[in-house]
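Engineer: missing the sequence, but the structure's below:
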């Protein structure tokens with residue numbers, strides 16, 4: 001995988017690190033010479049740790065666990081230069097079929113977690129004049145559909161406005177805040193659709209293809225890099241044409 005910038009001595013804290021997009025971002029940052037603290041539930045075992053990689057079990061909806069994960073990152077690496085919030089979960093079905101408990105869970109996983117991670121990394125990113133990238137979705141821009149459900153769409157829209165808010169609030173601190181809002185990405189999150197459903201989804205894309213995780217990792221790397229030093233409050237749109245800016 002080609003790297004967009006030299007990440008030597010740069011420490012990335014990443015939520016959702018064991019997901020399809022998350023693991024690709026981890027690999028990209030390590031390949032660029034950086035170190036990574038990867039946070040996740042780890043429902044499946046993470047790959048082996050190495051000197052430049054720390055896996056941290058964390059429920060991103062639990063503020064005390066977020067605080068502990070940030071402290072563990074600082075204890076291991078001494079600094080935080082970049083944060084990527086890629087943790088997320090999808091729902092499904094029309095609104096009238098969504099239980100309140102499922103609504104609450106999806107808002108917590110997708111939106112409240114973004115607030116929590118931002119709250120606890122802010123002073124450390126200010127110390128390094130670092131950058132934060134949120135993973136949102138086209139669902140947060142075009143209203144989504146029953147494939148991911150109303151809570152997911154509402155939460156991902158909230159992430160986009162949190163991105164804009166923090167970009168303004170943190171600019172005087174020298175911290176940039178941006179977002180990436182992908183369309184369907186070829187990861188295990190789509191497995192719930194089955195092979196026929198995934199194929200139909202790909203055919204429905206204006207480009208005729210799903211986005212690959214490597215494309216999202218490259219977009220994130222660009223936003224974290226010096227090449228994007230004038231960009232804050234931006235939403236990148238690797239959506240395969242589902243959203244036209």
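Structural biologist: The structure has been received and is ready for your questions. Treat the numbers as computed from the prediction; the structure is a model and nothing was measured.

Engineer: Only C-alpha atoms from now on, for both contacts and neighbour counts.
Structural biologist: Will do.

Engineer: Disregarding flanking residues, what is the spatial nearest neighbour of residue 107?
Structural biologist: Counting by CA to CA, 6 or more residues apart in numbering, residue 107 lies nearest to residue 155, which is 5.4 Å off, once chain neighbours are set aside.

Engineer: now that neighbour, what's its secondary structure?
Structural biologist: helix (DSSP: H, G, I helix; E, B strand; the rest coil).

Engineer: what's the pLDDT at it?
Structural biologist: Residue 155 carries a pLDDT value of 98.

Engineer: Surely it and residue 106 touch.
Structural biologist: Yes: with contacts counted by CA atoms under 8 Å, residue 155 reaches residue 106, the gap being 7.5 Å.

Engineer: ok now the helix or strand of the chain with the lowest mean pLDDT, how far from the chain's centre?
Structural biologist: In the chain, no helix or strand scores lower on mean pLDDT, DSSP states H and E than helix 194-204, which sits at a mean of 82. Averaged C-alpha coordinates place helix 194-204 at 24 Å from its chain's average position (CA atoms, centre = their mean, to the nearest Å).

Engineer: Likewise for stretch 52-64?
Structural biologist: 14 Å.

Engineer: Point out where this protein drops to low pLDDT.
Structural biologist: Within the chain, the ranges that satisfy pLDDT under 70 run 1-4.

Engineer: Strands along that one, start to end?
Structural biologist: Using DSSP state E, the strands of the chain run over residues 11-15, 35-40, 53-57, 82-85, 131-135, 176-180, 235-236.

Engineer: just the helices in the protein please.
Structural biologist: 20-31, 63-77, 100-107, 113-128, 139-142, 150-170, 194-204, 213-224 (DSSP state H).

Engineer: Would you indicate which residues of the first one are buried?
Structural biologist: When you say that, I think you mean helix 20-31. Buried residues in helix 20-31, counted by 16 or more other CA atoms under 10 Å: 20-26, 28-31.
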